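[1] sequence below, structure please.
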Amino acid sequence: MVRIKTIDNTVVPYMSAINLKFKIEKKWFSNQFFVTLNSWNAQYHAILGYDFLQRNKVVIDTVNKQLLVGNQKFDFEENSPTNVCSETIDCDISESDKNKKESFEQVNNNFGEKGNVSKETFHALNVKIANNITVQPFSTEIINLKVPKNIAKNKDLIFIPKKNKLGYLINESLNVPTNANLFHTIIENNTNKVIHVRKNTIMGKLSTFDVNDIMSPSESEIYQINNLNLNEIHKMRRDELLKSDFKLDHLNDKDKKDMQDLLLKNYKVFSKSYKTLGETSAVIPEFSLLHNFPLQTKPYSIPLMAKKYAQQEINNLLEAGIIEPSSSSYCFPVIFIKKKQNPNDNNSEPKFRMVVDYRLLNSITETFKICLPKISEIIKNIAADSLCELKVTLQAVFDRLIKFNLTLDPAKLQLCKPEITYLGFDLNANGFSPSEQNVNKVTNFPRPKNLKQVQMFLGMLNYFRGLIYDYAGIVEPLVKLTKKNTPFVWSVECENAFNTVQEIILKKPTLKNFDPNLPISLITDASKIAICGILLQKKDNVYYPLEFFSRKLTPAECKYPSIRRELLAIYASVKHFHDQLLGEKFELLTDAKPLTEYQSLDKKPEIVARWLLYLGTFSFTPTHIPGSLNPADFLSRVVEENSLNVNNITLFQPNDKLSMQNISIEQKQDAILSKIMNDLSVNKQCKQYFLDVNSGLLMIKNAHKNKKKIVNRIVIPKSLIKVCIETAHAPHFGVRKTFEFIRHKYQWKGMYLDTKNFCEHCEKCLENKPKAKLTQTQMIPKRNLAPGQCIAIDVVGKLPRSTDNKNFILTIIDHYSRYLEAYPLQNITSRTIINCLNKYFANFGLPKFLITDNATNFISNEMVEFFDRLNIQHRKSSIYYPMANGLLERAHRTMKESLASMCESTFQWSEKLLFFKLYYNNSIHSVTKFAPAEIFFGRKQNLPLDSFFEPITVENESKYLKNIRNNMCSIRNEFAKNEEQYFKNNAPHIKGRKVPNFNLGDKVFVKNFSHPHVFQEKYKGPFEIIKILRSNNYVIKSLKDNKTMKLNVSKIFKQEQPRPNLRN
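    Numbering: from 1, shown residues only. Presented below is the predicted three-dimensional model:
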C-alpha cells in the first residue's frame, strides 16, 4: 500500500494511480501519478514529489530557479491556477495563464508536426456535464462528463477545463472513456457558497491523445519502460515456462517426471526473456573513482552481420527497462562478440553478445577485493550421490534465488548429467580432466618466439598445474626466460620442457574424486630445482591420484643437502594438502629411507625443527619405497576414458603425389613424355618404352643387374622428380641407398645425378652426418652361418627421454643378413634386456651364438643363467675396442644420423625408430649388394614408395614356393661373391689422406664444438671463406649472422656445388 504524504507529514488519500511518460525539454521521464481526494487548491497540472527527485537525483537550485538532473539543467517557475476566477477577482486571464496556454498550445502543435497526425488528433470539442450537480462549500464532488460522439474511440482523452466565474476548480486530466461514453473528473468548491451546475453546461474542451501519434516509430520502440510489479512478473514466468525447456532426455521416465515437477514448482526461479529477468536490491554496488573528470571514447563500428541483431538487442533491453537513454558526459563504446554456435547446426543465424568496453573506466576505478571460492572446491561439491540428494540441494538453491529475486535461464541449465564441461574441466564419475577445447589450446600453441609469448603459455598452463606431476620442475627452463634482465634464448631445455608439457596435456590427465571411505596416501619427491607431492587413494591395490602439488626451489633451498630437500618436500606437500590431511591418518611414501625415522633427525638448523614441529600435528605412517618406483608410475594406472594416444601418428603415410592417377596426369602434362605417349599410341613398336595396359602409365624396359631378366619401371615426369627423391630420402640415407630405393620402381634420365645433388645439399644431412674419412681399418671377411644363427646385441644411450618415457635403444643385428632390430627401453637392467630378447626370439627364433661387449648388464649372473637355459653360446668382444663388434657399431652410426635428421624434436626418436628400421632393412647393403630383409626373409618389404602399386597375388602356390627357393639359392651364391669382392677391393689399407684446399668464396660447414646430443647437428653452416691464412688456416664468415672466426682446415669441409642435369 502506497501512502502519499505532504511536506508536513499529512497523509493524503487517493482514488487511483497511473504510470505516465513525460518529457522535459529533450529528456524523457517516467513516474507514477495519483488522483487524490484532498480538497486543496490545485495550482499545477501535476505534482512531482520527493520520490521523483530522489530516484532521478534531482538537485533544486532555488537561486537560479533550475532543476539539475545529471548534467542537464531545466528552468522552472511558479504558476497560478489556470481555471479559477471568483466573483471578487478579476476574471481576465493572468499573464502567467496566458503563457501557460500558449505553451500548451505550442506543445500540441509540436506534437502534431512531429507525429504527422491528422487534424482531428488535437481538434478540441466542447464537453458538457451529464447531470445537475450541487457542490457544498469547501467540498469536492465527482462529476460525469459527456464524450462527444465524433471523438475517435480507443483513444486517450485530454480534458482542459473552461474558465468559470462560479469559483470551482477542475484540473486538467488524461482520461479513458467508459462504455457509457462518459468520463469522470473531480470538481472542487473552495468558496463559502453553494455552487449549482446545470445539466449540459459546457465544462471545457476535450481532445484525443495517442502516444504513437506523437512519437516517431523509432522513439516508440526505444523509450519503453517495464512497469510490471513482482506478482505480474511471476505470472509471466509461470506462463512462459514449459516442460520442454529443460533438457532431461537422458533420464528415465520416472526421474524425468520428478525433476520436471520440481522445476515447474519453482517457476519463479526461471526467466526466458528480458522482461522477466530477475533483479535484486540486496546489494547496491558503489564504485569509487580516482578522479571525477569525464572520460569519453569514440564508438566502435558494428559489423554488418551484427547490425540487425544490435538494434534488436538494444530495443529489447530498453523495453525491459534494463538500460535507458543516457546523456552523460561519460561515454564508452559497445562491441558485439559472436556467441558459440552448435557445430551440428550450420543453418542457424549467428548470435552476438553485447559488451561495453569499460577498460578506460576501470583504469580510474579504485580496486577492491572479494573472497572467491577455490575452483577445486566448486568441482568437488558440484555433484550429488543420488537423485534425492540432488533434489534437496536444488531446492535449497532455488529458495535462495527466490529470496533475492534472481533467475536462471532454463536453456543453459544442465541437470542430472553423467558428464559435463565446467570451468574448463570435463567432470564425470571417474574424476575431472582438462576439457577438449583447452587441450587443443595448449597443444596447438606455437613455439614461443619472445618473452610475451612465453608468459602467455605459462599463464595458460598455470590453470592446469594441479593436474601435472612435477609441474614446477618441468617448466623451470621456461620460467627462467621470464626473469628480469635475462636474454631470450630458446635452448634445448626450453624445447624439451615445451614439448613435454604439451604431451602431458594431450593425454588429458585425469584426477579421481575424493572417496572418504578409502585410505589416503601422500608421496613426495625432491630434485635440485623443485619439489612435488601427490595426494593418492588406494583401491584394489592401485593408487589413483587426487591432486598434484609442485613448486620451484628458491636459490637458497637449492643449496640444501638432499635429505633436507626431501624433508622440505614432505613439509610443503603436507601443508598444501592441509585441508584433506588434518585429522586423517594417512600413509607417507618417500624414497628417502632416513626420513622414515624423521623424529630422530637432527633438529638443527631451526627451520628443520619448525618443519618437524608442524608435521607432528598430523597422523601419518612414513614408508620407504625404492627410487625405481618413480611417482610417474602411479600416473600410468589412472583410468583415462577417451584419452588420446600420442603414438597414433601415421609414420608410414605415402605421398599422394606418387599415386598412379597423379603420375598419369603429370605424364600427360609433361611436354616430352606426352609426345612419347602420343607416338606410342600410333606406333606401338618400341624397344624401350611402352604403355601399361592396366594403368595407362608410360613405362621403360631395363635389364636387371644380373642381366637375366627385364625390369619395368615407371617413367617419372619432371614435375615429380623432387617429390620422388624426397620420399626416398625420408630416412636421410646416403646417395647410393636413396638411389636404389628410387630405381626399384621408377626411372628418368639423369636420375643418379639428381639424387646425388639432392642428398649432398640436404641441410639435415649436412648438420647431422660427419664427413666420411678414410682411416686405417682391418678388413677380414668372415664365414658366417645361416641367417638367425649368430646375432650381436648392444645398447645405445642414454638418450633424451622420448614421448613414451624411453631413454635407451637395444639393437640386435643378424651377422649373416645384416638384418637389424631395435627396441626402445626405459632402462637397461638385465631383466629388461631379457624381456626384450624374449620378444626377439619369439619372432625370429633362437640363435646359436650371441655377441655382446663386457657391460655389466650383459655379463650378470641373471644373463649367464638365461643363456645357459637356452643353450646359447655367449661370446664377449674385447674391452675398450668397439670395432670388435664393428657390424653393429656401424649400424649405430647410421641409425643416429638418420634419427637426428628425421626428428624435428629430440622427443620423437622412439616414433621415428620404427620408420628407420623399415628403410634400413630394405636398403641395399654396400657389402652384400642385397637388402637385409631380402636375405633374411627371401623377399623385400613394401615401402611407402610401393604403396600405390597393385598387390602381389599367388596363383600357383607350388610354383611360388619353387621361385622362392631358387631366389634364395641365387641370393646366397651372389651374396658370397659380392662379400668376397668387397673385401678384395678394399684390401689396400689407407694410411693417410690428402689435405683439401679451399678458395675464397667457397661455402663450408664447421664442426659443432658444444658437445651436442646424438640427435643434434654435428656441423654448423653454411659459412663463406673470406680470407686464407698460413698453416692451412682460414677466416670464415657466417651467412646467417655475419659473424667471423678463424679455423683450421681439419674442422671444416666444403659444400659441394649443384651440378646441372644436362641429360634431362
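[2] and the nearest residue to Phe29 once chain neighbours are set aside, what does it touch?
    In space, and not counting its chain neighbours, Phe29 is closest to Phe22: 5.8 Å by CB to CB, 6 or more residues apart in numbering. All C-beta atoms are positioned from the backbone trio N, CA, C, and that covers glycine. Going by CB atoms under 8 Å, 6 or more residues apart in numbering, Phe22 touches Trp28, Phe29, Ser30, Asn31, Ala46.
[3] and Leu206, which helix or strand is it part of?
    Element membership of Leu206, judged by DSSP states H and E, is strand 202-209.
[4] no wait, Asn712
    Going by DSSP H and E, Asn712 is in strand 710-715.
[5] now for the following helix or strand past that strand, which elements pack on it?
    Using DSSP H and E, the helix or strand that follows strand 710-715 in sequence is helix 721-728. Identification of packing neighbours for helix 721-728 by 3 or more CB pairs under 8 Å, 6 or more residues apart in numbering; DSSP states H and E yields helix 735-743, helix 751-760.
[6] report the angle between helix 721-728 and helix 735-743.
    110 degrees (axes from the mean of the first three to the mean of the last three CA atoms, to 10 degrees).
[7] how far does helix 721-728 sit from its chain's centre?
    Centre-to-centre, helix 721-728 and its host chain are 37 Å apart (CA atoms, centre = their mean, to the nearest Å).
[8] keeping just the C-alphas, turn that helix into PDB.
    Only the C-alpha atoms of helix 721-728 are listed here, as PDB (Å, rounded to 0.1, in the frame of the first residue of the first chain):
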ATOM      1  CA  ILE A 721      61.300 -35.700 -59.600                       C
ATOM      2  CA  LYS A 722      61.700 -33.800 -56.400                       C
ATOM      3  CA  VAL A 723      58.700 -35.500 -54.700                       C
ATOM      4  CA  CYS A 724      60.100 -38.900 -55.600                       C
ATOM      5  CA  ILE A 725      63.600 -38.100 -54.300                       C
ATOM      6  CA  GLU A 726      62.200 -36.500 -51.100                       C
ATOM      7  CA  THR A 727      60.100 -39.600 -50.400                       C
ATOM      8  CA  ALA A 728      63.000 -42.000 -51.000                       C
END
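[9] now that helix: mean pLDDT?
    The average pLDDT for helix 721-728 rounds to 83.
[10] give me the angle between it and helix 751-760.
    60 degrees.
[11] buried ones in helix 721-728?
    Ile721, Val723, Cys724, Ile725, Thr727, Ala728 (16 or more other CB atoms under 10 Å).
[12] could you give the angle of it to strand 710-715?
    Using the same axes, to 10 degrees: helix 721-728 against strand 710-715 is 120 degrees.
[13] burial check on Val796, number of neighbours?
    20 (other CB atoms under 10 Å).
[14] and if you look at Lys268?
    19.
[15] tell me the spacing between it and Arg565.
    58 Å (CB to CB, to the nearest Å).
[16] which secondary element of this protein has the worst mean pLDDT?
    Each helix and strand of the chain was given a mean pLDDT (mean pLDDT, DSSP states H and E); the minimum falls on helix 632-635 at a mean of 34.
[17] so which bits of the host helix or strand of Glu389 are buried?
    Following DSSP H and E, one finds Glu389 within helix 387-403. Neighbour counts over helix 387-403 (16+ other CB under 10 Å) mark Leu390, Lys391, Leu394, Phe398, Leu401 as buried.
[18] how far does it sit from the chain's center?
    33 Å.
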